[in-house]
Every structure is written in C-alpha cells, then in structure tokens.
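[1] sequence-free structure coming up:
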Ligand SMILES: [Zn+2]
C-alpha cells in the first residue's frame, strides 16, 4: 500500500467518505462532514448501508461483530470485543451490526449464526469466524487478517 496516498475511510457515524491524512495520527482524525472521530477506541454501531459502503470503499481495515440483543453468547462477547477495539485502536476499526435491527446487513453478508466476526480490507472480506471469542482471540484474528500494515 502506498503510504503517500491519503487513504479512503468511511465515517461510521454519517457514512460520508473521508480521506485520512498521512501527516497526522490516524487515530485523531475526524469526519469532515459530522465531526465524529473516524477511529474510536470502542466499537461503533452501524447499519446495513454504512457497512456495505465501508466494506467496499475503505482502505483501512475493518472488523465487524454481527450480534443480536437476544443472543447470550453475543452479549458475553461484547466486553471482549470492546477491549479488543481498544487494543486495535489506530490499526483496525471495529464496528458492530445488530442483526435484529439490521437484518439486511446479515443477509447481505450471508450470516448463518451469531456472533460472527468478519474482517474486511481492500474492498473485500478476508476472514470470518463464528462463535464467542475472548479478547485475545479477537485481537489475534484481526491481526492475522488485517493488521499487516503499520
Ligand atoms: Zn461523519
């Protein structure tokens, strides 16, 4: 990946495409449209449209947790995913999709069971794992599939 080019990144709050300047820390960048932090230290809840756009457009890695409020293992994994997001801050963005509120997102990604993690990079899926995981396993999954760039 050319580090001289600003990387495209979708604001997870308003879905506007931004460009990450390389001369400033990515973790401090804010959306030019809504002012939200483009990298947050905790997972951001997103809908089907935002997911579809970020998965296709983003030039920074994205890790998505597909879950539902009625799913016990999903709720069990939530604190681990939040901790993993803190560990991965500045390297991998972490988002959550509530498949009950946004069933179209689950359908579009062919989700068969939850919780499911999907790693997106370079406009495509590059890894998928189902079942509740501890923080270390989530971070390892993200690192294996996504965090190859500094
Ligand atoms: Zn925004």
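    Noted; the coordinates are in hand. Small disclaimer: the values here were computed from a predicted structure and weren't measured. Numbers count the residues shown, from 1 in each chain.
[2] ok, then the element right after the lengthiest helix in the chain?
    Secondary structure of the chain per DSSP state H: the longest helix is helix 72-88. Sequence order places strand 93-98 as the next helix or strand after helix 72-88, per DSSP states H and E.
[3] Can you give me the buried ones in the longest helix of the chain?
    74, 77-78, 80-85, 87-88 (16 or more other Cβ atoms under 10 Å). For glycine as for every other residue, the C-beta is placed from the backbone atoms N, C-alpha and C.
[4] Stretch 86-101 now?
    Residues 87-89, 91-99 are the ones in stretch 86-101 that count as buried (16+ other Cβ under 10 Å).
[5] ok, back up a step: need the contact partners of the longest helix of the chain.
    Helix 72-88 has contacts (Cβ atoms under 8 Å, 6 or more residues apart in numbering) with 40-43, 63, 65, 67-69, 94, 96, 114-115, 131-135, 138-139, 142, 147.
[6] Among those, name the ones in helices.
    Checking the contacts of helix 72-88 against DSSP H, those in helices are 135, 138-139, 142.
[7] Most neighbours out of these, which is it?
    Most neighbours among those, by other Cβ atoms under 10 Å: residue 138, with 25 neighbours.
[8] rewinding a little: closest to the ion out of the buried residues of helix 72-88?
    residue 85 (18.2 Å; Cβ to the ion).
[9] Spatially nearest residue to the closest one, not counting backbone neighbours?
    residue 94 (3.7 Å; Cβ to Cβ, 6 or more residues apart in numbering).
[10] circling back: and of the buried residues of stretch 86-101, the nearest to residue 8?
    residue 93 (12.5 Å; Cβ to Cβ).
[11] Would you enumerate the residues in contact with the closest one?
    By Cβ under 8 Å, 6+ apart, the contact list for residue 93 reads 9, 12, 38-40, 44, 58, 60-63.
[12] any idea of the pLDDT on it?
    Per-residue pLDDT puts residue 93 at 95.
[13] ok, now residue 146?
    Residue 146 carries a pLDDT value of 87.
[14] That one against residue 122, yeah?
    No. Applying Cβ atoms under 8 Å as the test, residue 146 and residue 122 come out as separate, 9.9 Å apart.
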